[in-house]
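# Sequence below, structure please.
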Amino acid sequence: MESVGEIFHWNFLNDPLKLVLPPGYTYLIESFDELPSYQTSENFSISQFELKTFVDVNNKKRGKKVLVQKKRHCIHSNKVKKSKNWHIESFNHPLEVDIKFIHNHMINLAESLSFHKLHISAENGQKLLEMLADRAINPDYGYIVRLFQEYRDNMLGSRNGSKMFERLAEVIGKYNNSGNGRAIMQEYDKQAGKAFIHCVVTGLMCRVHERISQAGELCYIDASASFEPLNTSITLLYTSCAAGALPLGVLITSDESEVTLEKTLNLLKTILPSYSFYEREPEVGLTVFLTDDSNAERNALNLCWPQAICLLCTFHILQAFWRWLYDLKHHINKENRTPIIKIMKKIVYASTELDMNKYYQEFKQEFYHSYLQLQNHLDLLWKRRQFWALSFHSVLPIHGNNTNNYIEY
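The predicted structure is shown next:
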């Protein structure tokens, strides 16, 4: 415990005070009360104390420049009211510091240990080094990683191993028996050419199929990957209403090939409720799918639900066209890129087929003679205009939705 009323340099303070007070100063201790240590759930002891001290901060450090200087005058009395309590008069230590180093909350997180000094009881320095080198007392990072890997293999099985699929089949069985939804799986088998497939329809998704009329009109499809080491693809099926996006199903696959997606959609139909797609039934499907420009995805949808119309997301069409323009191998002059994309947007967003054809002719007259690659690229897009041009969508039940960006919100 520090003596009250004495001046100490930082080097001579005890360890708990050194942790909270900056070095390079002397401290006039007015009061110091050492409190019982805080004990964490990991049995580490953390010092607690209350301190009142004065610091010698008379050294003035001036900047190189004065940016703002203001003078103020107070009309009140200059006499400062002084506390009647006992205090130490110090002209060399003008800065008063009052610290209550007390923990008023639980410290249970493992991460909290990294902020505290770990004290190991050792007889001498050599014994301390021996204890630190003993992996039974102080395990290294590699040991922890191997321990976790062993635990993971025992509990879940290795990635793509038989034990992993046994564990997953057990979880799916419990989920199907819970009454909260339905799930189905196909195990991965490289030799047999079977992709990993997992389909889920939750209770919420069933209620959306049953009660939301848009579930029978419009379905957005969005696939994403690179979530974990196996690079599994997750495809979401969802619709939208006044409340926003609502889910219809989840597809998890090991790849995004047409064969895999077709098999996945057929498995999905086996777990969909009979009233799915707002009473249209699983085999019939809904009216419109809004997708990315993926041939595998669109072909699989056409095979599973041939009556549905597969539209292209206008955002992705324009984004892909913009990237094509900026690709140096297509040799589009920098000053022409913006005018080209402006006319392309007019073609996409034209309200009537007559206006769309007019903008298309303008595009051809202005840019076709200069860029042969651009001519070939737009001609390919033009052949599929009924899938991305808004002038063809007016009679479809899409409620003004032309992109599948609902999933981003």
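# so what pLDDT did Arg70 get?
Check again: residue 70 is Lys, not Arg. Looking at Lys70, its pLDDT reads 60.
# Convert the C-alpha atoms of the helix or strand bottoming out on mean pLDDT in the chain to CSV, please.
Within the chain, no helix or strand scores below helix 125-133, which has a mean of 74 by mean pLDDT, DSSP states H and E. Written as CSV, here are the backbone C-alpha positions of helix 125-133 (Å, rounded to 0.1, in the frame of the first residue of the first chain):
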residue,chain,number,x,y,z
GLY,A,125,12.4,-17.7,-12.9
GLN,A,126,13.7,-21.0,-14.0
LYS,A,127,10.6,-22.8,-12.7
LEU,A,128,8.5,-20.2,-14.5
LEU,A,129,10.2,-21.0,-17.8
GLU,A,130,9.6,-24.7,-17.3
MET,A,131,5.9,-24.2,-16.5
LEU,A,132,5.5,-21.9,-19.6
ALA,A,133,7.2,-24.6,-21.8
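# which other helices and strands contact it?
The elements that helix 125-133 packs onto, with contact taken as 3 or more CB pairs under 8 Å, 6 or more residues apart in numbering; DSSP states H and E, do not include any helix or strand. To be clear about C-beta, it is placed using only N, CA and C from the backbone, and glycine gets the same treatment.
# quick one: buried residues of that helix?
Within helix 125-133, no residue is scored as buried using 16 or more other CB atoms under 10 Å.
# Which residues outside the helix or strand just after that helix are in contact with it?
The helix or strand immediately downstream of helix 125-133 is helix 141-155, counting by DSSP states H and E. Helix 141-155 has contacts (CB atoms under 8 Å, 6 or more residues apart in numbering) with 135, 139, 163, 167.
# TSV please, covering these and showing pLDDT, distance to Gly400 and neighbour count.
Formatted as TSV, these follow (pLDDT from 0 to 100; distance: CB to CB, whole Å; neighbours: other CB atoms under 10 Å):
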residue	pLDDT	distance to Gly400	neighbour count
Arg135	80	64	10
Pro139	82	59	12
Lys163	85	49	13
Arg167	88	45	14
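# want to throw those into TSV with distance to His369?
Below are the contacts of helix 141-155 laid out as TSV (distance: CB to CB, whole Å):
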residue	distance to His369
Arg135	75
Pro139	72
Lys163	65
Arg167	64
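# Out of those residues, flag the one nearest to Ala225.
Arg167 (22.7 Å; CB to CB).
# Output the contacting helices and strands for the helix or strand containing the closest one.
Counting by DSSP H and E, the element that carries Arg167 is helix 162-178. If you count contacts as 3+ CB pairs under 8 Å, 6+ apart, helix 162-178 packs onto strand 181-186.
# now the angle from the helix holding Arg167 to strand 181-186?
Here helix 162-178 points in a direction 150 degrees away from that of strand 181-186 (axes from the mean of the first three to the mean of the last three CA atoms, to 10 degrees).
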